[in-house]
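*Asks:* Structure for the following, please:
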Amino acid sequence: MSSTYRLSARSLGDVATADLSFSALRHHLIYQGVGVGPGEAASWRGSLPVLARDLADAGLDQVEVLLEHRLPLSSKRADVVLAGVHPRTRR
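*Replies:* I've put the predicted structure just below:
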């Protein structure tokens with residue numbers, strides 16, 4: 001069982017404006033035993049499309065995006081973790 005909702009930045013951009021992506025993220029977290037309030041869902045709707053646009057503008061649409069990633073040995077979660085290499089420098 002994965003504790004992270006994972007997708008590419010390009011996929012995030014494709015679905016960030018669709019209510020379906022927020023619903024899927026919400027259901028994923030509920031399955032993990034995490035409560036999701038209306039404020040958190042509203043925050044996703046406001047911030048994830050902006051993040052997706054910023055990553056695309058920077059040429060980082062191939063980066064993996066981990067949403068609400070649970071930190072090891074903790075009940076805390078990171079809002080977003082980006083993983084990958086820069087397309088030009090490969091670093």
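*Asks:* Now do the helix or strand where His27 lies, average pLDDT.
*Replies:* Using DSSP states H and E, His27 falls within helix 19-31. In this model, helix 19-31 has a mean pLDDT of 68.
*Asks:* and Val85, how many neighbours does it have?
*Replies:* Under the neighbour criterion other CB atoms under 10 Å, Val85 is assigned a count of 11. Using the backbone N, CA and C atoms, a C-beta is placed for each residue, glycine as well.
*Asks:* So what touches stretch 23-34?
*Replies:* The contact list for stretch 23-34, computed with CB atoms under 8 Å, 6 or more residues apart in numbering, reads Met1, Ser3, Tyr5, Gly35, Val36, Ala41, Trp44, Leu67, Glu68, Arg70, Arg77.
*Asks:* how about JSON lines for the residues you listed, with distance to Asp54, secondary structure and pLDDT added?
*Replies:* As requested, the contacts of stretch 23-34 are exported to JSON lines (distance: CB to CB, whole Å; DSSP: H, G, I helix; E, B strand; the rest coil; pLDDT from 0 to 100):
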{"residue": "Met1", "distance to Asp54": "31", "secondary structure": "coil", "pLDDT": "43"}
{"residue": "Ser3", "distance to Asp54": "25", "secondary structure": "coil", "pLDDT": "60"}
{"residue": "Tyr5", "distance to Asp54": "19", "secondary structure": "strand", "pLDDT": "78"}
{"residue": "Gly35", "distance to Asp54": "28", "secondary structure": "coil", "pLDDT": "72"}
{"residue": "Val36", "distance to Asp54": "24", "secondary structure": "coil", "pLDDT": "72"}
{"residue": "Ala41", "distance to Asp54": "21", "secondary structure": "helix", "pLDDT": "74"}
{"residue": "Trp44", "distance to Asp54": "15", "secondary structure": "helix", "pLDDT": "78"}
{"residue": "Leu67", "distance to Asp54": "15", "secondary structure": "strand", "pLDDT": "83"}
{"residue": "Glu68", "distance to Asp54": "19", "secondary structure": "strand", "pLDDT": "80"}
{"residue": "Arg70", "distance to Asp54": "24", "secondary structure": "strand", "pLDDT": "83"}
{"residue": "Arg77", "distance to Asp54": "21", "secondary structure": "strand", "pLDDT": "82"}
